[in-house]
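Enquirer: Generate a structure from the sequence data that follows.
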Amino acid sequence: MQAKACHNILPIKLPATASPPKLPPPTYNTSQHKTTPRAISITAPAIPEISTPVQDTNAADDVVTAFWDYQFLFVSQRAETTNPISLRLVDGALPHDIPSGTYYLTGPGLFSDDHGSTVHPLDGHGYLRAFNIDGARGNVEFMARYIETEAQAEERDPATGEWRFTHRGPFSVLKGGKMVGNTKVMKNVANTSVLQWGGRLFCLWEGGDPYEIESQTLNTVGRFKIVDDLNMSPENVVDDDGERFRADFLDVAAQILKPILHGVFKMPPKRLLSHYKIDSQRNRLLIVSCNAEDMLLPRSNFTFYEFDSNFKLLQSQEFSIPDHLMLHDWAFTDSHYILFGNRIKLDVAGSMTAVCGLSPMISALSLNPSKSTSPIYLLPRFPNTQPNRIIRDWRIPIEAPSQMWLLHVGNAFEDTDVNGNLDIQIQASACSYQWFNFQKMFGYDWQSDKLDPSMMNLEEGQKKLLPHLVQVSIRLDTNGNCKTCGVNDLSDQWNKASDFPVINQEFSGAKNTYIYAATSSGSRRALPHFPFDTVVKLNTIDKSIQTWSTGRRRFIGEPIFIPKGCTHGEEDDGYLLVVEYAVSTQRCYLVILDSKLIGKKNALVARLEVPRHLNFPLGFHGFWAPNDCN
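Expert: Below is the predicted model:
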């Protein structure tokens with residue numbers, strides 16, 4: 001995920017006594033009800049409790065309550081459990097046919113240190129949660145550990161357990177607050193996604209090596225060099241003399257920047273993106289890296305790697321694109337890697353203030369809304385295996401007729417018709433450039449340390465700027481020429497803010513019918529769009545939608561689909577796992593839904609409660625590792 005913000009926001013005006021949790025909270029007295037603050041702790045018992053106003057009322061949403069609900073999705077959890085803890089079943093029952101396996105969920109676990117500093121949610125230290133489901137015994141066990149990254153070793157005292165943030169602000173700022181000479185661009189907190197492949201477990205982040213984790217104990221093994229600096233040359237052979245001169249100049253600039261970024265800023269030569277892909281049809285892991293120096297140059301180098309189930313490198317390709325792009329997620333089909341070009345540019349003024357310690361390092365970059373279209377690059381995956389098809393010049397992007405910032409991809413697939421035309425479909429979540437902002441995602445203000453929920457919630461007429469589900473359709477003729485390219489809502493019946501699109505992974509890269517996503521019911525007046533409180537199931541064929549929503553003042557994260565068996569059944573024959581956060585009672589739950597019954601009253605199969613002292617903040621991405629299908 002990248003940082004976001006918006007214009008023309010719906011402000012949440014707080015009384016003078018209302019503030020973030022570190023300040024004294026307000027109390028409430030009305031003629032209809034009376035609520036007094038009560039202590040709530042979501043940390044280990046040894047940590048001082050945090051007091052916050054909690055209104056147990058069915059009255060219309062109050063903006064102050066909404067503010068506090070939002071804050072408590074981002075409260076640190078310092079407790080860990082190295083021993084599995086059985087979760088208490090509070091609703092329903094584990095179905096007899098639920099597969100056994102482990103649901104891993106990673107995300108930030110620490111937002112506030114012991115010295116009054118807070119960090120952007122994207123910079124919170126990685127906290128890995130594991131829900132081990134034993135279908136035969138009807139039991140679910142829970143474990144949670146911090147990932148022992150180099151950043152954690154720097155910012156946490158192992159003897160006292162005390163935390164001190166040495167880097168803060170979106171993607172980190174100057175170390176220790178010093179003005180010059182002690183700069184670090186990013187710290188790898190391994191908090192974004194989790195993957196099990198080849199019998200090994202990894203936590204990934206958007207700019208460095210993944211960390212390997214011991215799956216049984218959640219102990220950190222260490223950094224894993226999944227990508228080595230291979231001596232590969234870019235595949236862009238440019239004949240034009242002017243373009244060749246430009247490329248040579250950028251090569252020289254890159255050679256100058258490489259040692260500076262690595263030696264001074266401690267950046268790896270290649271940055272691994274946190275989003276990987278699994279080609280279920282070929283049983284391959286697909287990952288992509290970009291060059292560190294491309295952050296500062298008007299070009300982008302992407303290297304794609306494909307591994308078999310034993311981590312044997314099967315192929316790698318590097319593409320140098322003459323455009324300044326930033327990626328978080330991407331897509332693949334049988335014959336293409338697909339990149340959505342989120343255009344950025346170097347902000348000279350922001351770079352100077354960042355180097356001087358006056359703003360976060362991410363200030364060196366800004367959006368580049370110079371064009372009203374969005375570039376889509378179709379990169380040949382197997383260029384030597386299609387002798388009868390003319391491969392289009394991949395350096396020339398297809399310009400989609402919509403200016404959108406791609407957030408997450410659900411799936412992509414392609415099909416050739418009887419005339420040889422190639423149809424490509426991509427299902428994804430995207431937002432507007434007008435809303436996206438690097439520094440202010442989640443409403444974070446690095447100077448005031450506040451999280452403003454209004455930054456994630458727009459006025460009624462501005463909803464289309466927010467993340468929503470789209471389908472991009474591309475048709476190429478036999479000569480590789482783009483005949484049509486369109487961007488439409490994935491369903492005309494659902495226009496609410498949505499993100500985290502997922503599918504049954506057995507259909508990854510193949511034609512699918514169903515997309516599941518986290519979305520909002522819109523029932524909260526002060527929090528109409530985010531945090532999410534609803535799971536939506538979209539039928540991409542007939543465009544119908546079905547939903548399941550949590551109760552009042554409850555929120556959810558990313559849903560995960562788990563099939564009932566290891567062999568192909570009906571596409572939606574399985575269960576959805578989603579974590580539910582009940583902020584009104586400060587409880588976290590693992591919710592199991594029957595994917596076929598979404599939209600019906602009996603969709604909820606089971607709800608299991610995480611012990612109070614192990615409640616955890618909002619997670620990012622998860623992974624389902626079945627016991628019998630490894």
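Enquirer: Specify which residues of this structure, grouped into ranges, have pLDDT under the cut-off.
Expert: For the chain, the stretches with pLDDT under 70 are 1-61, 169-185, 228-269, 292-297, 355, 357, 386-389, 460-461, 566-568, 629-630.
Enquirer: now the strands: where do they sit in the stretch 351-500 of the chain?
Expert: Counting by DSSP state E, counting those that start in this stretch, the stretch 351-500 of the chain has strands at residues 365-367, 374-380, 398-400, 404-416, 422-432, 444-445, 450-451, 468-476, 482-489, 498-502.
Enquirer: Those strands: which one's closest to residue 214?
Expert: Closest approach to residue 214 among those (Cβ to Cβ): strand 498-502, 26.3 Å. For the C-beta atoms, the positions are set from N, CA and C on the backbone; glycine is no exception.
Enquirer: Looking at the strands of the stretch 351-500 of the chain, spot the one closest to residue 299.
Expert: If we rank those by Cβ to Cβ, the stretch that ends up nearest is strand 374-380, at 12.6 Å.
Enquirer: And the contacts of that closest one?
Expert: Counting by Cβ atoms under 8 Å, 6 or more residues apart in numbering, strand 374-380 makes contact with 302, 304, 317, 319, 321, 323, 325, 335-341, 343, 386, 391-392, 394, 397-400, 402-404, 406, 424, 472, 474, 476, 485, 487, all of which sit outside it.
Enquirer: Return a ChimeraX selection command for the buried portion of those residues.
Expert: One line in ChimeraX is enough to select the buried ones among those; burial here means 16 or more other Cβ atoms under 10 Å:
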select :302,304,317,319,321,323,325,335,336,337,338,339,340,341,343,392,394,397,398,400,402,403,404,406,424,472,474,476,485,487
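Enquirer: Single out the most deeply packed of the strands of the stretch 351-500 of the chain.
Expert: strand 498-502 (a mean of 24; mean count of other Cβ atoms under 10 Å).
Enquirer: For that one, output the C-alpha coordinates as CSV.
Expert: This file holds the C-alpha atoms of strand 498-502, laid out as CSV (Å, rounded to 0.1, in the frame of the first residue of the first chain):
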residue,chain,number,x,y,z
SER,A,498,-13.5,-0.9,-1.5
ASP,A,499,-10.0,-2.4,-1.4
PHE,A,500,-8.1,-5.7,-0.9
PRO,A,501,-9.7,-7.6,-3.8
VAL,A,502,-9.0,-11.4,-3.5
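Enquirer: what angle do the following helix or strand past it and strand 468-476 make?
Expert: Remark: after strand 498-502, the chain's next helix or strand is strand 514-519, criterion DSSP states H and E. For strand 514-519 against strand 468-476, the angle by axes from the mean of the first three to the mean of the last three Cα atoms, to 10 degrees is 140 degrees.
Enquirer: can you tell me how far the residue nearest to residue 87 when sequence neighbours are not counted sits from residue 547?
Expert: Sequence neighbours aside, residue 608 is the residue nearest to residue 87 in space, at 3.9 Å (criterion: Cβ to Cβ, 6 or more residues apart in numbering). The span separating residue 608 from residue 547 equals 22 Å under the rule Cβ to Cβ, to the nearest Å.
Enquirer: Kindly report the same for residue 225.
Expert: As judged by Cβ to Cβ, residue 225 and residue 547 stand 43 Å apart.
Enquirer: swap in residue 342?
Expert: Residue 342 sits 29 Å away from residue 547, going by Cβ to Cβ.
Enquirer: before we move on, back to that, can you pick out the residue with more neighbours from residue 225 and residue 547?
Expert: Remark: of residue 225 and residue 547, residue 547 carries more neighbours, 16 against 11, as counted by other Cβ atoms under 10 Å.
Enquirer: so that one bridges to which residues?
Expert: For residue 547, the residues forming beta bridges with it (DSSP bridges) are residue 536.
Enquirer: Distance of residue 270 relative to residue 323?
Expert: Counting by Cβ to Cβ, the gap between residue 270 and residue 323 amounts to 19 Å.
Enquirer: Export the strands of the stretch 351-500 of the chain to JSON lines and append columns for distance to residue 528.
Expert: Formatted as JSON lines, the entries for those read as follows, by distance: least, Cβ to Cβ, whole Å:
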{"stretch": "strand 365-367", "distance to residue 528": "25"}
{"stretch": "strand 374-380", "distance to residue 528": "26"}
{"stretch": "strand 398-400", "distance to residue 528": "28"}
{"stretch": "strand 404-416", "distance to residue 528": "19"}
{"stretch": "strand 422-432", "distance to residue 528": "16"}
{"stretch": "strand 444-445", "distance to residue 528": "20"}
{"stretch": "strand 450-451", "distance to residue 528": "17"}
{"stretch": "strand 468-476", "distance to residue 528": "14"}
{"stretch": "strand 482-489", "distance to residue 528": "18"}
{"stretch": "strand 498-502", "distance to residue 528": "13"}
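Enquirer: Identify the residue nearest residue 86 in space, chain neighbours excluded?
Expert: Using Cβ to Cβ, 6+ apart and skipping the chain neighbours, the partner closest in space to residue 86 is residue 141 (5.5 Å).
Enquirer: For residue 152, which phi and psi angles does the backbone take?
Expert: Here the main-chain torsion angles of residue 152 (degrees, to the nearest 10) amount to phi -70, psi -40.
Enquirer: doesn't residue 125 make contact with it?
Expert: Yes. The pair residue 152 and residue 125 qualifies as a contact (Cβ atoms under 8 Å) at a distance of 5.4 Å.
Enquirer: check contacts around the closest residue in space to residue 605 that isn't next to it in sequence.
Expert: Distances taken as Cβ to Cβ, 6+ apart place residue 592 nearest to residue 605, at 4.5 Å, with adjacent residues excluded. Contacts of residue 592 were listed using Cβ under 8 Å, 6+ apart, and they are 92, 94, 95, 98, 575, 576, 577, 604, 605, 606, 607, 608.
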